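Chemist: pasting the structure only:
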């Protein structure tokens, strides 16, 4: 027997039933459906349930409280809930960077104006350390084994030859260094020979050969002043680019190479370097004129920026941020030579054209 109230026998209508439950609850007639089957409406089913001992009326479902609407997705969040913009911050420890910069400046200026040969020794040390950083990163990140020993010896000889014999001596030392790299690498297996010697010749040109022009600046009668002009213009260019770019920079200069550099920063580098160049040529360089300093400052700003971008390309290819950790707040020696190295031949050439090499 089916105990479900859906299968209960219909209760016959009559006066007794009306007296019991009231006339308003008289069962509805059974209506056949399209298939010939009988069914009753909800009230009839409810009355059928009452006949089996259930409630006389259909139980009403209590009203339910509305479900809380889900929170809007992040894209539809109120605009006033967005976090406040963060203040720009420098990418390095400025205190350490300034302290190291002041210390390096003291060593450079003391060696420049006491004994010129001491400053040549400073250049040699910077070249050897820079070569060590570059070759170490090449081997760590790319497996390129550029031979350091012939590069270090040849690089030191290159700087000294440039100071003693000028451009001719620098070129001869460069050629001999490249030959030494080729021969030195022959002592190892031939695998990757071409890759290693190519990197070695590149390193010889990039670091010691370009640094030789700083030693050649020193050979003039006003050599210390020329070196100071070279260093000062490069530092002022970098400082102007950083200050203006940090404060006003909006348009990226070369986002694929160095996302931090902006066009506004380049304009700041040009303006600062041109102003400093006019002052240096007027007051430091014998026979110089202020308009020559404007041209010199413009050239320094461009070459320093290109040099910085060039090393950024190398570091991006290697997948590193800095070439080393020797200088707190600066990175490595190569991270400070990036804008100086390509600027040295530019300054030497323009000063030779403006006031000669004597």
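Modeler: It's in. Just so you know, these numbers come straight off a predicted model, no measurement behind them.

Chemist: Start from the N-terminal end of the chain and give the strands.
Modeler: 31-32, 38-39, 252-254, 258-262 (DSSP state E).

Chemist: Show me what the third one is packed up against.
Modeler: Taking 3 or more Cβ pairs under 8 Å, 6 or more residues apart in numbering; DSSP states H and E as contact, the helices and strands that strand 252-254 lies on are strand 258-262, helix 263-283. In this view, the C-beta of every residue, glycine as well, is placed from N, C-alpha and C.

Chemist: Need the contact partners of the first one.
Modeler: Which is strand 258-262. Here strand 258-262 makes contact (Cβ atoms under 8 Å, 6 or more residues apart in numbering) with 91, 241, 245, 249-254, 305, 308-309, 312.

Chemist: can you give me the mean pLDDT across it?
Modeler: What strand 258-262 shows for mean pLDDT is 91.

Chemist: Tell me which strands that strand pairs with, and in which orientation.
Modeler: Partners of strand 258-262 in the sheet, by DSSP bridges, are strand 252-254 (antiparallel).

Chemist: in the partner strand, what counts as buried?
Modeler: Neighbour-count burial for strand 252-254, counted by 16 or more other Cβ atoms under 10 Å, picks out 253-254.

Chemist: Could I get the helices and strands packed on strand 252-254 in JSON lines, plus columns for distance to residue 108 and mean neighbour count?
Modeler: Compiled in JSON lines, those are given as follows (distance: least, Cβ to Cβ, whole Å; neighbours: other Cβ atoms under 10 Å):
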{"stretch": "strand 258-262", "distance to residue 108": "26", "mean neighbour count": "18"}
{"stretch": "helix 263-283", "distance to residue 108": "16", "mean neighbour count": "22"}
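
Chemist: which one of these has the lowest average pLDDT?
Modeler: In terms of mean pLDDT, the lowest-scoring of the helices and strands packed on strand 252-254 is strand 258-262 (a mean of 91).

Chemist: need the helices for this protein, in chain order.
Modeler: Here the chain has its helices, by DSSP state H, at 15-21, 42-51, 94-114, 116-142, 148-185, 193-204, 210-218, 223-248, 263-283, 290-318, 333-337, 340-355.

Chemist: Out of these, the one nearest residue 324 is which?
Modeler: Residue 324 sits nearest to helix 116-142 of all these, at 4.4 Å, using Cβ to Cβ.

Chemist: Give me the distance from stretch 125-140 to the chain's centre.
Modeler: Here stretch 125-140 shows a centroid-to-chain-centroid distance of 22 Å under the convention Cα atoms, centre = their mean, to the nearest Å.

Chemist: For it, give me every contacting residue.
Modeler: The contact list for stretch 125-140, computed with Cβ under 8 Å, 6+ apart, reads 144-146, 148, 151-152, 155-156, 158-159, 199, 203, 206-208, 211, 318, 320, 323-324, 326, 332-334, 337.

Chemist: Skip the chain neighbours and tell me the closest residue to residue 253.
Modeler: Nearest non-adjacent residue to residue 253, counting by Cβ to Cβ, 6 or more residues apart in numbering: residue 261, 4.3 Å away.

Chemist: Mind giving me the PyMOL select for the contacts of strand 258-262, buried ones only?
Modeler: The following PyMOL line selects those of the contacts of strand 258-262 that are buried, judged by 16+ other Cβ under 10 Å:
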select buried, resi 241+245+249+253+254+305+308+309+312
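
Chemist: just the contacts of strand 258-262: which has the poorest pLDDT?
Modeler: Across the set of the contacts of strand 258-262, residue 91 stands lowest in pLDDT, at 54.

Chemist: For the protein, give me the ranges with low pLDDT.
Modeler: Regions of the chain meeting the criterion pLDDT under 70 cover residues 1-94, 96-97, 329-330.

Chemist: Spatially central residue for it, please.
Modeler: Nearest residue to the geometric centre of the chain (Cα atoms, centre = their mean): residue 259, 5.5 Å.

Chemist: so how far is residue 247 from that residue?
Modeler: For residue 259, the distance to residue 247 (Cβ to Cβ, to the nearest Å) stands at 17 Å.

Chemist: same check, this time on residue 136
Modeler: Going from residue 136 to residue 247 by Cβ to Cβ gives 36 Å.

Chemist: One more: residue 174?
Modeler: Note on residue 174: its distance to residue 247, by Cβ to Cβ, is 42 Å.

Chemist: Looking at these two, which one has more neighbours?
Modeler: Higher neighbour count among residue 174 and residue 247: residue 174, with 22 against 11, using other Cβ atoms under 10 Å.

Chemist: Can you tell me, leaving aside adjacent residues, what's nearest to the more buried one?
Modeler: Residue nearest to residue 174 in three dimensions, not counting chain neighbours: residue 209, with 5.1 Å by Cβ to Cβ, 6+ apart.

Chemist: Can you give me the neighbour number for the one you found?
Modeler: Residue neighbour count, defined by other Cβ under 10 Å, stands at 25 for residue 209.

Chemist: I figured it was touching residue 176, is that so?
Modeler: No: here residue 209 lies out of contact with residue 176, judged by Cβ atoms under 8 Å, at a distance of 11.8 Å.

Chemist: That concludes my questions; thank you for your assistance.
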